[in-house]
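Asker: structure of the sequence below:
(4 chains, ligands or ions: 2)
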Amino acid sequence: MPLSVHLFIKADTLFVRLSGELDHHTSFQLRERINSLMDKYEIRNMIFNFKNLSFMDSSGIGVILGRYNQVKRNKGILIVCELNSMIEKIIKVSGLYKILVITKDEEQASNYLGVA
Amino acid sequence: MPLSVHLFIKADTLFVRLSGELDHHTSFQLRERINSLMDKYEIRNMIFNFKNLSFMDSSGIGVILGRYNQVKRNKGILIVCELNSMIEKIIKVSGLYKILVITKDEEQASNYLGVA
Amino acid sequence: MKQKRDNYAEIIFDAISENEAFARIIVAGFIMPLDPTIDQLNELKTIVSEAVTNCIIHGYENRGGKIKLTLESYHNEVTITVVDYGKGIEDLNRAKELFYTSKPEEERSGMGLTIMEIFSDEFHIHSKMGEGTIIKIKKNLDYTKEKYA
Amino acid sequence: MKQKRDNYAEIIFDAISENEAFARIIVAGFIMPLDPTIDQLNELKTIVSEAVTNCIIHGYENRGGKIKLTLESYHNEVTITVVDYGKGIEDLNRAKELFYTSKPEEERSGMGLTIMEIFSDEFHIHSKMGEGTIIKIKKNLDYTKEKYA
Ligand SMILES: Nc1ncnc2c1ncn2[C@@H]1O[C@H](COP(=O)(O)OP(=O)(O)O)[C@@H](O)[C@H]1O
Ligand SMILES: Nc1ncnc2c1ncn2[C@@H]1O[C@H](COP(=O)(O)OP(=O)(O)O)[C@@H](O)[C@H]1O
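Answerer: Numbers count the residues shown, from 1 in each chain, chains lettered A, B, ... in the order given. Ligands and ions are numbered 1, 2, ... in the order given. Got it, this is the predicted structure:
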């Protein structure tokens, strides 16, 4: 199953909704699409929604870490939400939960940032 | 995906609802389960419902033909219904449509036999 | 859309009936990046299912052995070969006849080879007694090409 | 329930990134008859995905080559090997460190080998410079055995 990426911006926050499978092959598309928006718009924060993501491996962690480093440069916040148990395991191993904000869903994430 | 077989009897008609995939491997289970009911009960007609069958190849045709021959011995009728386009193609090649009754759904099949 | 890359895979697996479904999954996984139509996908799964079943029950007569499945994509054309190292086919012309089967007692329908031929654009069969059988098919995945109604 | 039959498959395929998903589909198809739990299925898919990705980007440095994936099931134990014939790993101990990667510029996380180890019951890696790398893992699919919370 390929990756499908749905992006939209609200205030200074980029919403990234993923469905399908995020691996090394599909990570290029995700990185390029986010970066081209970052070039055009003032983006401070990002919210990744993994609700319909059925697979993610360490290549996915790499992309998220990369976006985290970009966001951090602008003193923004990166939030991930809707983790299933498998993605949660991978995120645990990666230690990402120590540097990212993790919320239940997009609503909680928006509230956290005050873009609701 | 394995085959799952749901069988029930109404009057002298055996209803066979299939879901999953019917190939050479899964055909054994289907044949055995139908035959063990034929041993115990007076079965004259059969209605095969392919609504949730996602795959069938020529091994499936073999099982149906085998059941047709059993049913014919008791002067019964074999009906198949809910064919998707792929199963219809295979049934066309097999010429089965010349000897079996094909209906849209179980209701039409029951009406045909008068077991509704 | 991005140009699709040519691809190659060969799979050797045990001739047990559980692997009929496995072989279908492999074919589906291989051609997925080529964006097949549902009909093309189902036809290729059916071809491989028929060929692998034949290796198991005819080539090896249910006593087991190895099957080799080769998948190649070149532009929009898929080439699939299915090979067994079993008993081989004595009379190829008779084998290819619709409804001919050497195992009617096992409720075989004798339709396998015909279905493979109908569902493919090119169909080749090569067999040698005591050495085994090779089935090779090609199928073009262009949308416009529909061989039958 | 019927005793599950032992099974064997080996797959050789091109080291292109499209085949990461293909390799996952193959593993899923192979272990399906063993009735794995969803977690076991996902863990095995992840292991193979990590290993195949490494062959493509590290073993062959994105220049292509062949990858060999071997799958064996014996009773309830699955053994998987992933082999490339690429550049090999110089310092295995450093490679296995969590977060070590030789390609930080490609946004690699350096977690692949650690994930393979955590998700398997047995993990072996063997590598020779200029000859390639072999990853071998075993995983028991018994329900009762849970290695971590
Ligand atoms: N791989 C094979 N090895 C040996 N014999 C084969 C093989 N494939 C087909 N045959 C022979 O050709 C006949 C026709 O095959 P097919 O059309 O697939 O029908 P079926 O499998 O229902 O018998 C078989 O009954 C068998 O005798
Ligand atoms: N198949 C391989 N061939 C050559 N080098 C490899 C291979 N697999 C892993 N390595 C080396 O081990 C390092 C760590 O691998 P891994 O933990 O999977 O992290 P990552 O893939 O994110 O770099 C890699 O950066 C690479 O240098």
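
Asker: quick check: longest strand in chain A by residues?
Answerer: Longest strand in chain A, counting residues (DSSP state E): strand A:45-56.

Asker: is it anywhere near chain D?
Answerer: Yes. Strand A:45-56 comes into contact with chain D (Cβ under 8 Å from any Cβ of the partner chain), by way of residue A:55. To be clear about C-beta, it is placed using only N, CA and C from the backbone, and glycine gets the same treatment.

Asker: helices or strands next to the following helix or strand past that strand in the packing?
Answerer: Downstream of strand A:45-56, the first helix or strand assigned by DSSP states H and E is helix A:58-73. Packing partners of helix A:58-73 (3 or more Cβ pairs under 8 Å, 6 or more residues apart in numbering or on different chains; DSSP states H and E): strand A:13-22, helix A:24-40, strand A:45-56, strand A:78-81, helix A:85-94.

Asker: so can I have JSON lines of those showing mean pLDDT and mean neighbour count?
Answerer: Output for the helices and strands packed on helix A:58-73, formatted as JSON lines (pLDDT from 0 to 100; neighbours: other Cβ atoms under 10 Å in any protein chain shown):
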{"stretch": "strand A:13-22", "mean pLDDT": "98", "mean neighbour count": "20"}
{"stretch": "helix A:24-40", "mean pLDDT": "96", "mean neighbour count": "16"}
{"stretch": "strand A:45-56", "mean pLDDT": "98", "mean neighbour count": "21"}
{"stretch": "strand A:78-81", "mean pLDDT": "97", "mean neighbour count": "22"}
{"stretch": "helix A:85-94", "mean pLDDT": "93", "mean neighbour count": "18"}
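
Asker: and of those, who's closest to ligand 2?
Answerer: Among the helices and strands packed on helix A:58-73, helix A:24-40 comes nearest to ligand 2, with 8.5 Å by Cβ to the nearest ligand atom.

Asker: now the helices for chain C?
Answerer: Assigned by DSSP state H, the helices in chain C fall at C:18-31, C:38-54, C:92-96, C:112-119.

Asker: what packs against the shortest one?
Answerer: Secondary structure elements in contact with helix C:92-96, counted by 3+ Cβ pairs under 8 Å, 6+ apart, are helix C:112-119, strand C:122-128.

Asker: check contacts around the closest residue to residue A:75 other than its chain neighbours.
Answerer: Among residues not flanking residue A:75 along the chain, residue A:44 sits closest, at 7.5 Å (Cβ to Cβ, 6 or more residues apart in numbering or on different chains). Contacts here follow Cβ atoms under 8 Å, 6 or more residues apart in numbering or on different chains; on that basis residue A:44 touches A:12-13, A:71, A:74-77.

Asker: do residue A:82 as well
Answerer: Contacts for residue A:82 (Cβ under 8 Å, 6+ apart) come out as A:49-51, A:104-106.

Asker: residue C:44 now?
Answerer: Residue C:44 touches C:27-28, C:31, C:36, C:78, C:80, C:119, C:139, counting by Cβ under 8 Å, 6+ apart.

Asker: max pairwise distance over the residues you listed: which two?
Answerer: Using Cβ to Cβ, these reach their maximum pairwise distance at C:28 and C:119, which is 14.5 Å.

Asker: who has more neighbours out of those two?
Answerer: Per other Cβ atoms under 10 Å in any protein chain shown, whichever of residue C:28 and residue C:119 has more neighbours is residue C:119, with 24 against 18.

Asker: the more buried one touches residue C:49, doesn't it?
Answerer: No. Taking Cβ atoms under 8 Å as the definition, residue C:119 is not a contact partner of residue C:49, at 10.6 Å.

Asker: quick one on the thing from earlier: including distance to ligand 1, could the helices and strands packed on helix A:58-73 go into JSON lines?
Answerer: Shown next, in JSON lines, are the helices and strands packed on helix A:58-73 (distance: least, Cβ to the nearest ligand atom, whole Å):
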{"stretch": "strand A:13-22", "distance to ligand 1": "35"}
{"stretch": "helix A:24-40", "distance to ligand 1": "35"}
{"stretch": "strand A:45-56", "distance to ligand 1": "36"}
{"stretch": "strand A:78-81", "distance to ligand 1": "52"}
{"stretch": "helix A:85-94", "distance to ligand 1": "40"}
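
Asker: now render those as JSON lines, adding distance to residue B:58.
Answerer: JSON lines is the format used below for the helices and strands packed on helix A:58-73 (distance: least, Cβ to Cβ, whole Å):
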{"stretch": "strand A:13-22", "distance to residue B:58": "33"}
{"stretch": "helix A:24-40", "distance to residue B:58": "36"}
{"stretch": "strand A:45-56", "distance to residue B:58": "33"}
{"stretch": "strand A:78-81", "distance to residue B:58": "49"}
{"stretch": "helix A:85-94", "distance to residue B:58": "38"}
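
Asker: point out the residues in chain C that sit beside ligand 1.
Answerer: Counting by Cβ under 6 Å from any ligand atom, chain C comes close to ligand 1 at C:50, C:54-55, C:58-59, C:84, C:86-89, C:95, C:100-103, C:108-113, C:133.

Asker: which of these count as buried?
Answerer: C:50, C:54-55, C:58-59, C:84, C:86-89, C:95, C:100-101, C:108-113, C:133 (16 or more other Cβ atoms under 10 Å in any protein chain shown).
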